[in-house]
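S.K.: Only the shape, not the letters, is given here:
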C-alpha cells in the first residue's frame, strides 16, 4: 500500500495521473508535463511535496548532531535560515541531500522521501551520548511548493502578515496564520523564485484551495512530479538516485559549496582527500542537438572510448533541445569539450556546457 | 474510454488497422497516457521490412524512451511525416492523425493473433 499525502484525494479529483514514487502515491501530471513546466517558468505552479521527509531535532545537543551528520557548517547558521547540505557516510559518499532549518528551539531536516528511513536510522545511530530527541513529523504535516516568477507578488500581497515579501533566499518565517501553524521558506527545486510551506496535515484541505484562489488574476496551476523533474534538471539541481548516490561524493557532484572541510563531520576526511587530489570524475552538463534525448545509464564516449555515464537527461521544454547531466572523467570535463552519448545504439554529439542550463531572469 | 473496435491490438499497446489491403499502425490511448508528452519518434524509412513482435522504432516522452513493436510483418509503404515536426499529434489524436507507419503485410492473417478491442481494454485496464 502506498502512503497517501493529505492532498491525494484532491489530486485524484482533479484527474491527476497518480504513480508510486518512493512509496508514496503522487501526481505525475495533471494535464501535460510540458504545460505544467511552462506554467511554472512563466507564471506560478503549485506542487504537493508532502512526501519529503520532515524530521525535528530537539534538545540541548541538537546542533551537535546536525554538525556531526551534515557536510555543511551550521554553527554560524542564524535562526530563520535554511541551508542545503549533504549527509555522507565515512567514505564521503552521499546518503542524502537535505535542507536544514534552524528554529529558535529546534532544528528541522527536510530529506528525500526515498531516504527518510535511512536518514532516521542514521541519526539514531549517531545520537549516542547526545541529548537529542528525533521526531519524524512527515505524517503529521503537509508540504507544498509554490514556484514561478509570479509567486512572491501573489502571496505577499494576500498573506501580508507572514512577511514573505521581505524574505531573502533560503530564509524562512514561522508562525500562526488564522490559527494555523506554518513555516514558509523562500526555497525551491525548480530554478524559479518561490516558496515552500509546511503546515499541519489536518489543515491541508483548507490550504490548497485557499492558495489556488490566490491565483485568480494569475494562472496558478497544479504541477506534478514530471514537471518537477524537468524543471530541476534545467536548473541542474541534483536528484538523489541520479546525480547522487552511495557511489558518488558531493565534491565530484559539484557541490563543494555545501561541504565545510574546516569542521568535523562524518565523511570529512574522505572528502578532504577528494578535494586535495581532485575528483576522478566530475558532474557536467551536456547539450545536444535534435530531439533524441540521452537518458540515465547511457554511456558517454570520447573518441570511441567510454569516459562517463549519463545521470539524467530529457528534451528541455524551455530550451527545445536535449540536455543531460553526466559524470565524466575529469580530463574530459572542461566546458566546450566535444563528447558523444550512446543513445541505445545511436552515437550522438554532446558538448560539455556550464551548469545550470537555465537561470531565471533576476526580477 | 473504450478503444475503437475497428482494429486489433498488441499486448505492447500498438494498434493495427486494415485499410485496403494495407495495415496502419499506431499506439493506443493507454500507451499515450503512460508515456506522457511525446517529444520525439524515430521511425524507419519507407521500404524497410518490419516483423511481427520485433522493434521497429523508438518513441520518447519528456520522461522516458520506449521501443515500438510491430504488430505485423511486411514492408513499410508510408511513415507519418508530420510526426517529425509535431510528435504531439500522437498525444492529441493517437487513433487517427497520430498514426505511425503503414505496412504492406506479408501475411495479413497475423492480425488474427492480436487482441480485439474488448480483450485489449480488459488487459490494459488491469494494469
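M.R.: Yes, it's here. Given the structure is predicted, the values throughout are model-derived calculations rather than measurements.
S.K.: element containing residue B:59, please.
M.R.: Using DSSP states H and E, residue B:59 sits in strand B:55-61.
S.K.: what's next to that strand, contact-wise?
M.R.: Strand B:55-61 has contacts (C-beta atoms under 8 Å, 6 or more residues apart in numbering or on different chains) with A:33, A:291-293, A:315, A:344, B:27, B:35-44, B:48, B:50, B:65-70, B:76, B:90, B:100-101. For glycine as for every other residue, the C-beta is placed from the backbone atoms N, C-alpha and C.
S.K.: before we move on, what about stretch B:12-29?
M.R.: B:1, B:3-4, B:6-10, B:30-31, B:34-35, B:59, B:68-72, B:74, B:77, B:90, B:94-95, B:98-105, B:108, B:111, B:114, B:120, B:124.
S.K.: Surely residue A:8 and residue A:16 touch.
M.R.: No - using C-beta atoms under 8 Å, residue A:8 makes no contact with residue A:16, being 9.3 Å away.
S.K.: Only the buried residues of stretch B:50-70, if you could.
M.R.: Neighbour-count burial for stretch B:50-70, counted by 16 or more other C-beta atoms under 10 Å in any protein chain shown, picks out B:50, B:52, B:56-63, B:65-66, B:68-70.
S.K.: Residue A:199 touches residue A:180, doesn't it?
M.R.: Yes - between residue A:199 and residue A:180 a contact is recorded at 5.6 Å, counting by C-beta under 8 Å.
S.K.: Tell me the residues that contact both of those two, please.
M.R.: Any residue near both residue A:199 and residue A:180 by C-beta under 8 Å, 6+ apart counts here, and that gives residue A:207.
S.K.: Looking at the two, which is more packed in?
M.R.: residue A:199 (21 against 14; other C-beta atoms under 10 Å in any protein chain shown).
S.K.: Report pLDDT for the more buried one.
M.R.: If you check residue A:199, the pLDDT there is 96.
S.K.: coming back round to it: now restrict the contacts of stretch B:12-29 to buried residues only.
M.R.: B:3, B:7-10, B:30-31, B:34-35, B:59, B:68-72, B:74, B:90, B:94-95, B:98-103, B:105, B:108, B:111, B:114, B:120, B:124.
S.K.: who are the neighbours in contact with residue 42?
M.R.: Just so you know, I chose chain A. A:148-149 are the contacts of residue A:42 under C-beta under 8 Å, 6+ apart.
S.K.: Chain B was what I was after
M.R.: Neighbouring residues of residue B:42 by C-beta under 8 Å, 6+ apart: A:292, B:57-60.
S.K.: any chance of those residues in CSV, plus distance to residue A:193 and pLDDT?
M.R.: Listed next are the contacts of residue B:42 as CSV, based on distance: C-beta to C-beta, whole Å; pLDDT from 0 to 100:
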residue, distance to residue A:193, pLDDT
A:292, 32, 95
B:57, 41, 96
B:58, 37, 96
B:59, 35, 97
B:60, 31, 96
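S.K.: Flag the shaky bits of the chain, pLDDT-wise.
M.R.: Because you didn't say which chain, this covers chain A. Flagging of chain A using pLDDT under 70 yields the residue ranges A:160-162, A:218-219, A:363.
S.K.: nope, chain B
M.R.: B:126-127.
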